[in-house]
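Q: Quick check, what structure comes out for this input:
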Amino acid sequence: MPHCSRFIVATLFGFIWCNPLQSQNLYDAENSAAFARYLKQSGQFVLATAELERLAFMHPDSDSLKIELAESYLLQNDFPLAIRRMNQIQATAPKPIQRIDHLLCWSLIRSGQFEQAAQFMSDASRIKPNVKAYYQGWSLLMQRKTAASIAAIYEMPVDSMFSPLRKSQEQASALRLKKPALAAVMSAIIPGSGKWYAGEKKDAVIGFVTIGVMAYQAWRGFNDKGTKSAYGWISAGLGAGFYLGNIYGAARSTKRYNDRKWKSIHTDVENRFWAHP
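A: Numbering: from 1, shown residues only. Presented below is the predicted three-dimensional model:
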């Protein structure tokens with residue numbers, strides 16, 4: 001019995017003595033980093049970010065922790081906050097962290113801030129030309145400037161990093177998008193032809209017939225009573241309104257056509273871009 005009592009006391013003493021060390025180990029850099037990664041993998045991005053903020057504060061010279069922190073902010077899908085924090089990291093870093101520059105480009109494009117992305121890329125001389133071309137291509141493609149996005153990387157050497165961009169460009173080029181300006185000019189020459197070009201054939205026929213009828217009625221009115229014909233002026237006014245509306249409507253029709261086409265590849269294009277920051 002005395003031996004048993006001494007064993008129990010020794011066990012309790014050992015537990016009490018070791019437990020603070022175990023608790024302390026939970027907060028060392030290695031275990032904290034592992035815990036932060038677990039939080040990210042389990043979708044607890046806000047908690048992971050808080051843990052990484054603590055680690056980055058404790059180890060201000062660690063670029064890898066700062067990169068992990070930036071990526072953790074992006075996983076929250078709060079792009080204004082992520083961009084602001086990445087700018088703060090770069091402003092306080094002894095030298096710019098290249099990976100965070102890439103993530104900044106990606107974030108600006110991902111959040112639709114195309115002008116800011118272009119400005120950043122023009123100012124950030126530390127971004128390599130091929131990386132800059134990669135993000136310029138994506139920025140133009142996201143703005144549906146297909147031809148320009150292809151030209152942006154045309155002279156770049158073949159590189160595996162461009163593979164997802166080229167696949168998206170090929171998809172976009174295959175859409176054969178319509179030109180709003182061309183549709184407007186066509187409708188100005190032959191009413192309704194712009195809508196026909198945009199695939200809205202029923203509206204094209206109605207527009208052509210309506211404007212033709214108004215023009216004919218105006219001609220009849222002026223032919224009968226000259227410039228004093230109220231009927232002629234009313235018909236001419238209505239006809240002019242339909243004619244101008246037909247030109248504007250043709251341009252709008254091509255935009256609707258292009259929107260429908262883009263929606264068919266939108267998910268694929270965005271998924272490729274999101275997967276390759």
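Q: Double-check Y231 against N223; I have them as touching.
A: No. Counting by Cβ atoms under 8 Å, Y231 does not reach N223; the two are 10.8 Å apart. In short, each C-beta sits where N, CA and C put it, glycine included.
Q: between the two, which one's more packed in?
A: Between Y231 and N223, Y231 has the larger neighbour count (other Cβ atoms under 10 Å), namely 14 against 10.
Q: Quick check: chain neighbours aside, which residue is closest to the more buried one?
A: Of all residues not flanking Y231 in the chain, G221 sits nearest, at 3.9 Å (Cβ to Cβ, 6 or more residues apart in numbering).
Q: Any figure for the gap between the one you found and P80?
A: For G221, the distance to P80 (Cβ to Cβ, to the nearest Å) stands at 60 Å.
Q: Also R256?
A: Using Cβ to Cβ, which is the criterion applied here, R256 is 31 Å from P80.
Q: Which one's more surrounded, these two?
A: Between R256 and P80, R256 has the larger neighbour count (other Cβ under 10 Å), namely 13 against 10.
Q: Surely the more buried one and A198 touch.
A: Yes. Look at R256 against A198 with Cβ under 8 Å: they come within range, at 7.3 Å.
Q: Would you report the backbone torsion angles of the closest residue to F79 other than its chain neighbours?
A: Nearest non-adjacent residue to F79, counting by Cβ to Cβ, 6+ apart: S111, 3.9 Å away. Backbone torsions for S111, taken as degrees, to the nearest 10, come to phi -90, psi 10.
Q: Tell me how many other residues surround G194.
A: G194: 31 surrounding residues under other Cβ under 10 Å.
Q: got the contact list for Y135?
A: The contact partners of Y135, taken as Cβ atoms under 8 Å, 6 or more residues apart in numbering, are H102, C105, W106, I109, A117, M121.
Q: helices or strands up against the helix or strand harbouring D224?
A: Counting by DSSP states H and E, the element that carries D224 is helix 201-225. Applying 3 or more Cβ pairs under 8 Å, 6 or more residues apart in numbering; DSSP states H and E, one finds that helix 201-225 makes contact with helix 193-197, helix 230-275.
Q: Kindly calculate the angle that the longest one makes with helix 201-225.
A: Taking axes from the mean of the first three to the mean of the last three Cα atoms, to 10 degrees, helix 230-275 and helix 201-225 form an angle of 160 degrees between their directions.
Q: For stretch 59-78, report the contacting residues that lie outside it.
A: Under the contact criterion Cβ under 8 Å, 6+ apart, stretch 59-78 has outside partners 29, 33, 36, 40, 45-46, 48-49, 52-53, 55-56, 81-82, 85-86, 89, 93, 97, 99-100, 103, 107, 277.
Q: for the stretch 151-277 of the chain, what are the low-confidence residue spans?
A: 151-159 (pLDDT under 70).
Q: before we move on, what about the stretch 1-150 of the chain?
A: 1-29, 124, 147-150.
Q: those helices in it, which residues are they?
A: All helices of the stretch 1-150 of the chain, identified by DSSP state H, counting those that start in this stretch, fall at 2-25, 29-41, 45-58, 63-75, 79-92, 98-110, 114-123, 129-142, 146-153.
Q: Could you work out which of those reaches nearest to F273?
A: helix 129-142 (5.5 Å; Cβ to Cβ).
Q: just how off-centre is that closest one within its chain?
A: 12 Å (Cα atoms, centre = their mean, to the nearest Å).
Q: about what we covered before: let me know which of the helices of the stretch 1-150 of the chain is the nearest to A204.
A: Nearest to A204, of all the helices of the stretch 1-150 of the chain, is helix 146-153, at 25.7 Å by Cβ to Cβ.
Q: Buried residues, the helix holding D224. List them.
A: D203, A204, G207, F208, T210, I211, M214, A215, Q217, A218, G221, F222 (16 or more other Cβ atoms under 10 Å).
Q: Report the contact partners of the most centrally placed residue in the chain.
A: Central residue of the chain (Cα atoms, centre = their mean): R110, 3.4 Å from the mean position. When contacts are counted by Cβ under 8 Å, 6+ apart, R110 touches F79, F273, W274, P277.
Q: Please tell me how far it sits from D259.
A: In terms of Cβ to Cβ, R110 sits 20 Å off from D259.
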